[in-house]
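K.L.:
Got a predicted structure plus its sequence, pasted below:
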Amino acid sequence: MSETTQSFTDLAPSAGAKFRQRTLPILIFAAILFAIPMVGPSRTFYTLAHQMGINIVFALSYNMVLGRGGLLSFGHAVYFGLGGYLAMHAMNWIEDGAGIWGSVPMFLLPLVGFAGGAVAGAVIGWPSCRKAGTTFAMISLGVAELIFAAAFMFDSFFGGEQGISGDRMNGIELFGLSLGPIDEVYWFIAFWTVIGVIGMWAFTRTPLGKLSEATRDNAQRVQFIGYNPQRVRYLVFIAAGGFAGLAGGMAAVNYEIFTPDALSLVPSGFVLIMAYVGGITFFVGPIFGAILLTYMQSMLSDFTEAWLLYLGVLFIAIVMFAPRGIAGIVFGFLDGVRGDNPGAYLGRWLMRLLGILLMLMGLIVLVEVSVRWSNGYGEVYEPFGLHLGHENVLSWVLVIVPAIAGVWITKRASKEEEAA
């Protein structure tokens, strides 16, 4: 074997790296979900955890299309919404007890959502997956607008502006869960979140999952070895639609209502940001993104009305300076501290973190002072008892000085890393 061949074989990740980046995070994630009820969380925490579980499955399903398939979709919420709507109808059928639905537990409604999302993916993906790149993205955008407009026209299925509502406390109880108390709903969300995560992880290990990544990287080479790239994209698209519908079924049981807003471009854009911020090149990346952005959406909005601006800045920063997302930062840090000189690496990392925090401090002061000044209500930003109005010199000192210092420190850390 030549030296060139040996160097290429060394590019493959080691067994330990595979375990740390693929299996270990899932095991830790499942253990955390199991341990949460033991600490007696509040209703607010339960509500937030439910939203995170739904968004985790939703974001991972989107990453099957974007991160694994290389297809940028602007309408992934269509499959989430259609799966959720079908689950809502099934919820009402179970309540009526008509036919076979009288023997179906509410606990299994995510499977109905999965079927709805997969069928929608099969129908919509048949024409749209014939193209890739910009063409696919534009088709997905058109489909999203089409389905969203149809939701206000076909009241019998979508329920118009008010949507479809139901009652989850009907039918046969499974595992002794009535799905009434919020802690019982937690076990429902946790169960299907783990099932969804494991199912999508298993899909990435199948030959079809591998072919999806190969098609993303070089469709012509996949065709050369005898596979149809269009068919590969189509099958992956169906699976991604199914798991998005699974998340929709979870949301139907959790919220007991579905409206056309679930089909709009807003959740489609939000799931894109969750996946990309978390890291589309790692399986666990969308999990990180879903947890962070769900927290920002639910909790940060209570502290500042400019939370969407911070979200936009975060997205731009990730795209420009950390394209591998949060997961790339985490795994890069772990690999760095296991390197030849962990002390020097940790010092550069802490220096860069200090610079980022200083720049973030300047940004927060600038945004909060500007928002209050723009509103014209006479409010003043007062962190830690400081009176930071737009006419106060201290306000602009706290904007400019930390920003300049942060830029200088991060550049210094980058130069030291290049020198090393």
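P.N.:
Arrived safely.
K.L.:
Counting neighbours, which bits of the helix ranked longest in the chain end up buried?
P.N.:
In the chain, taking DSSP state H as the definition, the longest helix is helix 342-375. Buried residues in helix 342-375, counted by 16 or more other CB atoms under 10 Å: 345, 348-349, 351-352, 355-356, 358-370, 372-373. Using the backbone N, CA and C atoms, a C-beta is placed for each residue, glycine as well.
K.L.:
helices and strands around that helix, which ones?
P.N.:
Contacts defined by 3 or more CB pairs under 8 Å, 6 or more residues apart in numbering; DSSP states H and E place helix 342-375 against helix 307-321, helix 325-337, helix 393-419.
K.L.:
Please repeat the previous calculation with a cut-off of 6 Å.
P.N.:
helix 393-419 (3 or more CB pairs under 6 Å, 6 or more residues apart in numbering; DSSP states H and E).
K.L.:
which other residues reach the helix or strand where residue 211 lies?
P.N.:
Taking DSSP states H and E as the criterion, residue 211 maps to helix 207-217. Helix 207-217 has contacts (CB atoms under 6 Å, 6 or more residues apart in numbering) with 68, 69, 70, 203, 222, 227, 229, 232, 235, 236.
K.L.:
if we go to 7 Å?
P.N.:
Here helix 207-217 makes contact (CB atoms under 7 Å, 6 or more residues apart in numbering) with 68, 69, 70, 203, 222, 227, 229, 232, 233, 235, 236.
K.L.:
same thing with stretch 403-415?
P.N.:
Against stretch 403-415 from outside (CB under 7 Å, 6+ apart): 348, 351, 352, 354, 355, 356, 358, 359, 362.
K.L.:
for stretch 165-185, same thing?
P.N.:
37, 43, 46, 50, 88, 91-92, 94-95, 103-107, 187-188, 253-254, 256-257.
K.L.:
same deal with stretch 306-315?
P.N.:
By CB under 7 Å, 6+ apart, stretch 306-315 touches 273, 277, 296, 300, 301, 363, 367, 368, 371.
K.L.:
got it, and stretch 258-271?
P.N.:
The contact list for stretch 258-271 (CB under 7 Å, 6+ apart) reads 58-59, 62, 74-78, 80-81, 84-85, 88, 144, 147-148, 151-152, 158, 161, 163-164, 252.
K.L.:
Give me the buried subset of the residues you listed.
P.N.:
Going by neighbour count (16+ other CB under 10 Å), the contacts of stretch 258-271 have 58-59, 62, 74-78, 80-81, 84-85, 88, 144, 147-148, 151, 158, 163-164, 252 buried.
K.L.:
still on that earlier bit, which one in the contacts of stretch 306-315 is the model shakiest on?
P.N.:
Lowest pLDDT of the contacts of stretch 306-315: residue 301, 78.
K.L.:
Now do that residue: how many residues are near it, please.
P.N.:
For residue 301, the tally of surrounding residues (other CB atoms under 10 Å) stands at 12.
K.L.:
ok, now residue 123?
P.N.:
Count around residue 123 with other CB under 10 Å applied: 13.
K.L.:
Now it: which helix or strand?
P.N.:
Taking DSSP H and E as the definition, one finds residue 123 inside helix 109-128.
K.L.:
And stretch 141-158, end to end?
P.N.:
One end of stretch 141-158 sits 20 Å from the other (CA to CA, to the nearest Å).
K.L.:
So what's the gap between it and the chain middle?
P.N.:
Once both centres are worked out by CA atoms, centre = their mean, to the nearest Å, stretch 141-158 turns out to sit 24 Å from its chain's centre.
K.L.:
same thing with stretch 277-285?
P.N.:
Offset of stretch 277-285 from its chain centre (CA atoms, centre = their mean): 9 Å.
K.L.:
contacts for that stretch?
P.N.:
Contact partners of stretch 277-285, identified using CB under 7 Å, 6+ apart, comprise 21-22, 25, 59, 63, 66-67, 201, 204, 286-290, 292-293, 314-315, 318, 324-328, 331.
K.L.:
List only those of those flagged as buried.
P.N.:
In those, the ones that pass as buried (16+ other CB under 10 Å) are 21-22, 25, 59, 63, 66-67, 201, 204, 286-290, 292-293, 314, 318, 324-328, 331.
K.L.:
what about residue 15, how many residues close to it?
P.N.:
Around residue 15 there are 8 residues (other CB under 10 Å).
K.L.:
and the gap between it and residue 23?
P.N.:
10 Å (CB to CB, to the nearest Å).
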